[in-house]
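Participant: Provided below for reference: sequence and predicted model.
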Amino acid sequence: MGELLVEMTGISKSFPGVHALDDAQFELRAGEVHALVGENGAGKSTLMKVLCGIYARDAGVIRVKGVEAYPATPKAAQDLGIAIIHQELNLMGHLTVAQNIFIGREPHRGLLLDEKALNRKATELFEELHILLDPRVRVSRLAVAQQQMVEIAKAFSYNSDVLIMDEPTAALTDTEIDELFRITRTLRDRGHGIVHISHRLEELRQISDRVTVMRDGRYINTVVTAETNIQQIISMMVGRTIFEAAPELPEDPSQEVVLEVRNLNRGRQVRDVSFQLRRGEILGVAGLVGAGRTEVMRAVFAADKPESGQVLINGQPVAIKNPGDAVRHGIAYLSEDRKRYGLALGMDVELNIVLASMRRFMSRFGWMHARAARAQALKLVETLAIKTPGIGQRVKNLSGGNQQKVVIAKWLTADTDILIFDEPTRGIDVGAKSEIYRLLNDLARRGKAVIMISSELPEILRMSHRILVMCEGRITGELSAAEATQERIMTLATQRQSVATAGPETSTAMSVGAN
Amino acid sequence: MQTTTASTSRIRTLATGESVQRLLALGALVILLVFFSIIAPNFATLENYRNILTATASNGLLATGVTFAIITGGIDLSIGTGTAFTSVAMGIVAVNWGLPLPLGLLAGLASGGLVGLINGTLIAKAKLPPFIATLGMLYVTLGMAQVLSDVHPIYFTDPQPALQDFFMGKPIAGIPNIVWVMFGGAAVAWVLLNKTVLGRYTFAIGSNEEATRLSGVNVDRWKIAVYVVGGVFVGLAGIVLAARSASAQPSQGMGYELNAIAAAVIGGTSLAGGEGSIVGTLIGAFLISTLGTGLSVDNVPQQFQYVITGLVVIGAVWLDIFRRRSRA
Amino acid sequence: MKLTRILGLAATAAIAASACSGAAASPSAAPASQAAASQPAASSGTGAASAYTPPTDGGAAKGKTIAIVSKGEQHAFWQAVKKGALDEAAKLGVNVTYQGPANETMVNDQLQMLQNALTNNPAAVCFAALDSKAAGDLLNQAKSKNIPVVGFDSGVDSTIPVTTVATDNIAAAGLAAKKLAALIGDSGKVAVIVHDQTSQTGITRRDGFVAEMKNHPNIQIVSIQYGAGDHQKSADLAKGIMTANPDLKGFFGANEGSIDGVLDALKETGNTGKIVAVGYDSGQQQLDAINSGAEAGAITQNPIGIGAKCVDAAVDAVNGKTLPKTIDTGFFWYDKTNINNPEIQAVLYK
């Protein structure tokens, strides 16, 4: 490994209400691929955005090639030789490949652009990197992997010493990943330093020289990839978090199955998903961001049309063609994005509570049964302890936790038997969280069937009677409350198909560890 | 990695995207011309084709100019009443002050550029939505035209007869010079849009403004430039309008912006940004004036002309959306 | 809009007349005999015969097309002009096309309409210019194609039109003076509120009124004031005149805004019905005042006549007849007694 390209020490960064980075550190040398790993929200992307001039640090020292440097804009970082390839690609779809790569640096003759020279330069660049791409094709016509190549070529064309790739493999197929790694190695062998942010632990051995682990915005450790194994990395990622109380209710297998999903498919995000849900249970769905958990539930709810698969309610196959059908069959979906999908923010609490069951509160001629609606709203505000000055209060003026309760009240009013909660505690403060937990337990105790998607492992472990773990659109494992640990969930959540050839039933932490 | 050869990609580019819209618009134009030639007795005459060209001149220029703003994902509503402002500016310099006509023309172009500069600054620097900024400037330009002229038309007839004599003169093929001004302006616009950095960034901003900014392009400055270009074309349109009536009309132009935007949209420019072409816009402008002239020559009452023009605009945008959806 | 037009017209020394709000003058003092002859309920000016006799037959123009490009198509006034033209065309066996811009600022749009009309090679063109100086280029085109042009309503600042069909404001204002004189017993003090002293309509209506009053030696015009056609300002001026002349017997308001101001002033000072008010054009307030007796009566122009006469003139031009330089289209005196006559109702607007 070569000279020290980047050295970050004592980096802290706060956003309102969140301590995103706390005394984090990182170093990158020329000629290495340095993987940066951690759970969702561990601070990997934030740390790299500080390096790239997208965020300003609150504290800490950054040295680039030994010189203190604090780029204030992406352009300044670029001038220092630092380029980032974002998870969401930053390309101009209407322009061609070559036009994208050299945007801002177009060769011209006099006042006019020299398109020939532009395409020639792009061709030379692709030859150097052994990328097969036509520089004259519009970027919007390329596959995601090809677009990523364009981004890499663009970053390379700036003569960047430091190339940061944020989750570059997230959307790629295996062959595409091989190609990406080949180019990554080419760049490394030429002496570039590459930061590889990833969730996919098994690819670390393939591509990285060193691994830095982060957790909760803090630096945990940096290890040489060849001298470690995935189990060690996973335990560094999850740490030794002390769990709160175990699930309040034991799983009761004797209860009848109210919802069964068989062989559901939709694109890459929902692949052959089958599971059962019983009355009175809370089924946790764990997985990393992008594992397809939300997509599965949206497909069940017909918010997105599944390509194939069957849904059975109380043992009977049902045709759910749109969310309206789903509601009629007693399924409620409580979106993770409450504000966009779950609530009419400008309307009052009362209206939001009766919104999904309007028919019950309407007379034949479209008049609202105001008294009945009012009574229902008042009852639920009391039962759920929604903190609001009154049911006439606009929902947007409530806190996150109370907004979530209004959503729950809405579906309780609709009297649905199956409630799917997608990240029910996201953006809710700790005090309100435990109230939501209490509510979920209450619902299960009253015989409702609850699915809870969550990215917070402690939450999954605390609440679920049973846990499904997903990775890349597939269910990679099912754990009972008794067998579940953070490590086991993490192992299943990072179990990519290429590794888990034996299938979900037999794939265990051991088989991954042996890889 | 998939490789795409240059030739196939070019065929694909030709067969998709805005070029299809352009072909559709061109097809519609041809169909309209044939249709009117059959049903309207005086339509298929050389004179009428010249008339259509003449009728297109001012709208063609406005539409060409606004195409830039629309490609960036913006809009410019001030171009219609902007013509009142720029032609009054011309009149003040060339008539009220009695300066030579070329200076008057220059004042027309410069005042247009000034309106564009204000539009661009409001949008790029003050971060006003383009719709709001230019809506405001619609009223400001109209008001300023009336204030500066004291709501009197300024007549060029006497002191500056050369304005009408030259621009409405017909040295080539019996076509008035304002038509050649339009074609010349469009040619310049085509070069700007397709062969210069300005055009490249116009598309880039409309395609993905944030990505363009992150690539180190000074997006604000280029946005301002785009509106200035549009403003200069307003100045050209102002000259054309003043030449036709031999006067600067301080109350003209309300509604012209909508005709121009319609022309651009019919020609395949996407209001979502990133797509558009000068050729398409010109075809759109010709389509609108062919429709107007044809219906008028065929004695279709005006109220029906409005209805039909509206349906054409809706049809064009619907086709655009339909095409997008089928491609996605 | 109105202001633009009036100022625009003021810039020209030519004939100008206006649609609904104000009218302008024709130098000829041709009286409104047509109105008197065809509408017994209406009273006309001097009663002398018009210099122009309309054709009774299309002649060589039969089956040919006359293109009319007016100032508008949407307003009641212009609808009436259109109706007059279409009826007359049917009578004479000619075809008529009628076009007008959406509002009276659209000078260039109107020019395009004229251009379209010329492209169609009509037998004749009738043109009511929004801006009488802006159409020179197209008029030359018409001349080179030997298409006769008839100016109407406000005329065209050019020698090309074979005639101009418009309201004779001098005569019309004279009739207003005569009526007012009769209503106050041919003696006493009267005052005039005019919209302005620069526009053709303001000047000709004022002068027509003053000229007629010279025939009534016992009547004294104590004041002529200019209120910009604004209610409020006209009312203030009228009040001032009443204060200075407590024995005032009559008012003439030369356009809608002026007479509305006079009516307001009479009401506020309790003089309604005591001082005789005579107005011009129509409008809701004026119509109400005439119905209630607060206003004695008013002059209205004749849009149907304008439409009919311009078709007549066009037909004559096609047939090679010599036309007078201007053709008066007639006007009406209307008061409580005839306001509900269909002929009068047809030319009033609210």
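Facilitator: On my side now, so go ahead.
Participant: make it CA atoms for all contacts and neighbour counts henceforth
Facilitator: Noted.
Participant: Low-confidence stretches in the stretch 1-150 of chain B?
Facilitator: Counting by pLDDT under 70, the low-confidence segments of the stretch 1-150 of chain B come to B:1-21.
Participant: just so I have it, where are all the helices in it?
Facilitator: B:6-15, B:18-39, B:46-71, B:79-91, B:101-124, B:130-149 (DSSP state H, counting those that start in this stretch).
Participant: Could you list the low-pLDDT ranges of the stretch 151-300 of chain A?
Facilitator: The stretch 151-300 of chain A contains residues with pLDDT under 70 at A:171, A:239-254.
Participant: Can you name the residues of it that neighbour chain B?
Facilitator: A:176, A:179 (CA under 8 Å from any CA of the partner chain).
Participant: Looking at chain C, which residue reaches furthest from the middle?
Facilitator: Distance from the C-alpha centroid of chain C peaks at residue C:246, with 32.8 Å (CA atoms, centre = their mean).
Participant: Pull the contacting residues for residue B:68.
Facilitator: Neighbouring residues of residue B:68 by CA atoms under 8 Å, 6 or more residues apart in numbering or on different chains: B:193, B:199, B:202, B:226-227, B:229-230.
Participant: again, 10 Å this time
Facilitator: Applying CA atoms under 10 Å, 6 or more residues apart in numbering or on different chains, we find residue B:68 in contact with B:74-76, B:189, B:192-193, B:198-199, B:202-203, B:206, B:223, B:225-230, B:264, B:269, B:273-278.
Participant: How about the secondary structure of residue 264?
Facilitator: This is for chain A. Using DSSP: H, G, I helix; E, B strand; the rest coil, the secondary structure recorded for residue A:264 is strand.
Participant: mind checking how far it is from residue A:467?
Facilitator: Noted for residue A:264: a distance of 18 Å to residue A:467, by CA to CA, to the nearest Å.
Participant: who has more neighbours, those two?
Facilitator: Neighbours per residue, other CA atoms under 10 Å in any protein chain shown: of residue A:264 and residue A:467, the larger number sits with residue A:467, 25 against 21.
Participant: give me the element the residue of chain C found nearest chain A is part of.
Facilitator: Nearest residue of chain C to chain A (CA to the nearest CA) works out as residue C:108 at 36.9 Å. Using DSSP states H and E, residue C:108 maps to helix C:107-119.
Participant: Pull out the buried positions in that helix.
Facilitator: Applying a neighbour-count criterion of 16 or more other CA atoms under 10 Å in any protein chain shown, one finds C:107-119 buried in helix C:107-119.
Participant: how about those, which pair is most distant?
Facilitator: The span of the buried residues of helix C:107-119, defined through CA to CA, is set by C:107 and C:119 at 18.5 Å.
Participant: show me the contacts for the residue of chain C closest to chain A.
Facilitator: Contacts of residue C:108 (CA under 10 Å, 6+ apart): B:55, B:58, B:241-245, B:247, B:249, B:252-253, C:101, C:114, C:130-131, C:134-135.
Participant: What parts of the stretch 101-250 of chain B come near chain A?
Facilitator: B:191-192, B:194-201, B:203-218 (CA under 10 Å from any CA of the partner chain).
Participant: May I have stretch B:306-313 as PDB, with CA atoms only?
Facilitator: Only the C-alpha atoms of stretch B:306-313 are listed here, as PDB (Å, rounded to 0.1, in the frame of the first residue of the first chain):
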ATOM      1  CA  TYR B 306     -60.100  28.600 -30.500                       C
ATOM      2  CA  VAL B 307     -61.600  25.200 -29.800                       C
ATOM      3  CA  ILE B 308     -59.700  23.500 -32.600                       C
ATOM      4  CA  THR B 309     -56.400  25.100 -31.600                       C
ATOM      5  CA  GLY B 310     -57.000  24.000 -28.000                       C
ATOM      6  CA  LEU B 311     -57.600  20.400 -29.100                       C
ATOM      7  CA  VAL B 312     -54.400  20.300 -31.100                       C
ATOM      8  CA  VAL B 313     -52.400  21.400 -28.100                       C
END
